[in-house]
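Peer 1: Turn this into a structure:
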Amino acid sequence: MAKSSSLVTGLDIGTGSIKIAVVQKKAGQEGLEVIYAGRQASRGVRRGIVVDPEITSKCIGEAVKAAELAVGRDLEEVYISVNGSHIFCTQSRGLVSVSRADGNISAEDVDRVLQAARTISLSSNKEIVEVYPREFAVDGETGVKDAVGMKGVRLEAEILIVAGFTPYLKNADQAVLRSGLEVLNRAPAIIASAAAALSDQQKELGAAILDIGAGTSGLAVYEEGDLLHTAVLPIGSSNITHDLAIGLKVDVETAERLKIEKGVCLFKGADKKIKLAGDGEKISGAVFSQKLISRIIQERVAEIFDLANKELKKIGRDKKLPAGITLVGGGVKLAKIEELAQKSFQLTAAVAAPRGFLNIEDDPALAVVCGLALFGWKEQEEDAVSPRFSTGGWNKIKKFFKVFVP
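Peer 2: The predicted structure follows:
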């Protein structure tokens with residue numbers, strides 16, 4: 001077991017902000033205690049991708065300094081998120097013969113079949129980020145979740161592989177390394193969100209989680225406890241701000257304030273003229289139409305929902321998820337977004353925050369960083385050595401899907 005005094009740090013490298021969370025778990029305590037959670041304005045990141053590691057490393061360094069000052073201890077290792085529309089998923093299958101003469105399937109057999117399933121052809125500039133087992137088959141009998149201890153001759157595995165563009169993945173690693181930290185492991189941002197915000201019951205029944213960030217929106221779909229599909233959409237809440245700036249003919253800072261303070265996804269009733277408090281000289285005396293603001297916001301949010309719905313249709317799960325849609329991320333802090341989501345997806349929808357964490361604000365924007373911390377704690381709790389930079393190693397893979405897949 002991990003020591004009660006040990007700390008685990010998650011680092012979410014986002015387009016709009018870099019978030020960091022430091023957690024610990026005291027003896028006899030249920031849930032992880034967040035002893036620090038903070039954020040720093042992000043630079044050098046475009047649509048979830050680190051495009052300038054040098055600039056981003058400075059932002060990470062500032063976020064880490066604030067965290068170290070708060071916790072009174074140097075931070076040396078982190079678990080990081082990877083994001084961007086270069087992230088994609090694909091299915092694969094593997095087949096091996098059971099090695100033992102008595103036909104008992106061992107953990108080594110499971111490792112071998114997962115290794116076989118993982119062996120796929122990718123272009124030289126793409127690499128596997130993580131793999132997620134969906135089911136095993138023993139002598140043709142499918143639907144097996146845990147094959148260890150069963151008897152058979154032939155063992156098959158079906159997995160979902162999440163991969164990405166190697167140069168972009170290395171940029172994220174380099175940004176962290178240049179800030180003086182070591183990368184213990186990395187995880188797709190949307191999977192980290194799901195770990196923190198979705199319950200096992202939701203994953204079992206069938207659910208989707210949509211994380212609307214500043215530059216991208218991530219989608220993950222679960223059913224019967226398995227990860228079925230994941231996608232990163234190249235559109236986020238910053239697009240809403242830009243639309244407001246253009247439509248209202250104001251600067252981006254004013255558009256952001258209007259979105260946060262006055263934004264509504266669905267507007268009903270008579271139009272109202274609104275004015276920002278403390279406008280200053282920049283928009284002194286300016287008034288805005290509440291109906292126009294809401295229409296601009298609704299159109300862009302509906303576009304995000306439409307793109308997510310297309311992903312659900314690809315796997316035949318549109319309108320077919322009993323546990324509905326869970327909304328997380330900084331971009332979901334808009335009035336009536338749940339109502340618009342229910343209308344768009346024709347499913348139940350709810351905004352959610354990280355679950356099972358102590359001493360933390362109820363903030364959907366913290367889902368990724370809390371999920372990373374949870375992943376890191378579980379990994380360290382199992383006293384297993386994790387190879388750096390996700391270069392392989394089946395012990396790590398087994399630990400990873402114990403955390404993220406029920």
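
Peer 1: Following the chain past the helix or strand hosting residue 20, name the next helix or strand.
Peer 2: Element membership of residue 20, judged by DSSP states H and E, is strand 17-24. The first helix or strand that comes after strand 17-24 along the chain, using DSSP H and E, is strand 32-41.

Peer 1: Grab the CA positions of that following strand and hand them over as CSV.
Peer 2: The C-alpha trace of strand 32-41 is given here as CSV (Å, rounded to 0.1, in the frame of the first residue of the first chain):
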residue,chain,number,x,y,z
LEU,A,32,-8.7,11.2,-1.6
GLU,A,33,-8.0,14.5,0.1
VAL,A,34,-7.1,17.3,-2.2
ILE,A,35,-4.5,19.4,-0.3
TYR,A,36,-4.1,21.8,-3.2
ALA,A,37,-5.9,22.5,-6.4
GLY,A,38,-4.9,25.5,-8.5
ARG,A,39,-4.7,26.8,-12.1
GLN,A,40,-2.5,29.0,-14.1
ALA,A,41,-3.2,30.7,-17.4
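
Peer 1: re the thing from before, who are the packing partners of the strand holding residue 20?
Peer 2: Applying 3 or more CB pairs under 8 Å, 6 or more residues apart in numbering; DSSP states H and E, one finds that strand 17-24 contacts strand 8-13, strand 32-41, helix 53-71, helix 367-381. Using the backbone N, CA and C atoms, a C-beta is placed for each residue, glycine as well.

Peer 1: nearest to residue 360, of those?
Peer 2: strand 32-41 (4.2 Å; CB to CB).

Peer 1: just the angle between the closest one and helix 367-381, please?
Peer 2: 130 degrees (axes from the mean of the first three to the mean of the last three CA atoms, to 10 degrees).

Peer 1: for the next helix or strand after strand 32-41, what is the average pLDDT?
Peer 2: Downstream of strand 32-41, the next assigned helix or strand under DSSP H and E is strand 45-46. Here strand 45-46 scores 96 as its mean pLDDT.

Peer 1: Strand 45-46 pairs with which strands?
Peer 2: According to DSSP bridges, strand 45-46 has the following sheet partners: strand 49-50 (antiparallel).

Peer 1: How about residues contacting the partner strand?
Peer 2: 13, 44, 56, 83-84, 86, 168, 171-172, 174-175 (CB atoms under 8 Å, 6 or more residues apart in numbering).

Peer 1: try 7 Å
Peer 2: For strand 49-50, contacts defined as CB atoms under 7 Å, 6 or more residues apart in numbering pick out 13, 44, 56, 84, 86, 168, 171-172, 175.

Peer 1: what lines up beside the helix or strand hosting residue 80 in the sheet?
Peer 2: Residue 80 belongs to strand 77-82 when assigned by DSSP H and E. Sheet pairing for strand 77-82, assigned by DSSP bridges, gives strand 8-13 (parallel), strand 182-188 (parallel).

Peer 1: Deepest in the core, which of these is it.
Peer 2: Of all these, strand 8-13 has the most neighbours on average by mean count of other CB atoms under 10 Å, namely a mean of 28.

Peer 1: can you tell me which residues contact residue 375?
Peer 2: Counting by CB under 7 Å, 6+ apart, residue 375 touches 79, 187, 192, 195, 403.

Peer 1: whoops, I mixed them up, residue 62
Peer 2: residue 40 are the contacts of residue 62 under CB under 7 Å, 6+ apart.

Peer 1: same check, this time on the one 3 residues further on
Peer 2: With CB under 7 Å, 6+ apart as the criterion, no residue contacts residue 65.

Peer 1: do you know how far it is from residue 370?
Peer 2: Distance of residue 65 to residue 370, given as CB to CB, to the nearest Å: 21 Å.

Peer 1: quick revisit: in TSV: the strands paired with strand 77-82, plus distance to residue 104 and mean pLDDT.
Peer 2: Output for the strands paired with strand 77-82, formatted as TSV (distance: least, CB to CB, whole Å; pLDDT from 0 to 100):
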stretch	distance to residue 104	mean pLDDT
strand 8-13	36	97
strand 182-188	32	94
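
Peer 1: can these go into TSV with extra columns for distance to residue 328?
Peer 2: Output for the strands paired with strand 77-82, formatted as TSV (distance: least, CB to CB, whole Å):
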stretch	distance to residue 328
strand 8-13	12
strand 182-188	14
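
Peer 1: Out of the contacts of strand 49-50, who's the most crowded?
Peer 2: Within the contacts of strand 49-50, neighbour counts (other CB atoms under 10 Å) peak at residue 13, which reaches 31 neighbours.

Peer 1: Format the helices and strands packed on strand 17-24 as TSV; extra columns: distance to residue 23.
Peer 2: Converted to TSV, the helices and strands packed on strand 17-24 look like this (distance: least, CB to CB, whole Å):
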stretch	distance to residue 23
strand 8-13	5
strand 32-41	4
helix 53-71	10
helix 367-381	4
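
Peer 1: quick one: which of the contacts of strand 49-50 is nearest residue 359?
Peer 2: For the contacts of strand 49-50, the minimum distance to residue 359 (CB to CB) is 23.5 Å, reached by residue 13.

Peer 1: where's that closest one relative to residue 183, distance?
Peer 2: Residue 13 is 11 Å from residue 183, where distance means CB to CB.
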